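Asker: I'd like to go over a predicted model; first the sequence, then the structure.
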Amino acid sequence: MRGLKACYNLSTPLALFLALGGFVLLRRIRNLDLHDFGEHGRVEHDASLVHHDTAKGEKYGSIQIDQDLVDLLIADAITVHGEGDSPVFGENRILIDAKVIGRARVRREKESPRLDAIHAEIARGEMAIVLGVLDARVDNNSGIPIDWLREWIGHERLPKDWKPTHVEGFFDVVKRLDDIREAMKVQRKAEVRAKL
């Protein structure tokens, strides 16, 4: 819990929720390590934005980042915002927001085995947390600069020029979860209309 607060500037209630949720989902009380979180069907889930789905019969999900999936996530950002019209941060970096994540979640869920309600919420929730922690604001827009997302999710390290700017709270994450859920509904409706 201290690590979540110190590194990502999460609030105590959010860090506590994540820590306790991990213990419950893993059905353990103590002696956890990060490898345990990779057990498929506990916290780890299919339809990850950057990992392959877990092969049948495998106990643990892949820890290898698929750079093609990272590139598809970036392409979702360009598709949603367009290269010329998007809010920028620094040197013309597109901001990844709930609309982009919603589009990407819909795409990955179509490519993967169906997620149950709990794992669908985990998938949205992990990105809601990332959207809040790595948030950059430009005028009335906010999101994650593509460079930061590529560094964090594609190379599994904190962006060089990032530092926490606020405490990320439980209700902040709930709001972003709602935004991602709504963006997914809009994306699905648009895809249905496009088929007509």
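Answerer: Here it is on my side, so go on.
Asker: Ramachandran coordinates for H40?
Answerer: The phi/psi pair for H40 (degrees, to the nearest 10) reads phi -60, psi 140.
Asker: Could you check how far the residue nearest to it when sequence neighbours are not counted is from L20?
Answerer: Excluding the flanking residues, the one nearest H40 by Cβ to Cβ, 6 or more residues apart in numbering is T54, at 4.2 Å. All C-beta atoms are positioned from the backbone trio N, CA, C, and that covers glycine. Here the criterion is Cβ to Cβ, to the nearest Å. By it, T54 lies 24 Å from L20.
Asker: The residue nearest to H40 reaches D46, doesn't it?
Answerer: Yes: between T54 and D46 there is a contact under Cβ atoms under 8 Å: 6.2 Å.
Asker: Can you check which residues contact both of the two?
Answerer: The overlap between the contact sets of T54 and D46 (Cβ atoms under 8 Å, 6 or more residues apart in numbering) consists of H40, G61.
Asker: quick one: what helix or strand has the spatially most central residue of the chain in it?
Answerer: Closest to where the C-alpha atoms of the chain average out (Cα atoms, centre = their mean) is M127, at 2.1 Å. Using DSSP states H and E, M127 sits within helix 117-133.
Asker: Now do the helix or strand that that helix is followed by: which elements does it pack against?
Answerer: As assigned by DSSP H and E, the chain's next helix or strand after helix 117-133 is strand 136-138. Applying 3 or more Cβ pairs under 8 Å, 6 or more residues apart in numbering; DSSP states H and E, we find strand 136-138 packed against strand 88-89, strand 141-145.
Asker: Off-centre distance for strand 136-138?
Answerer: 18 Å (Cα atoms, centre = their mean, to the nearest Å).
Asker: What residues sit buried inside it?
Answerer: A136 (16 or more other Cβ atoms under 10 Å).
Asker: next one: stretch 49-62
Answerer: L49, V50, H51, D53, T54, G61, S62.
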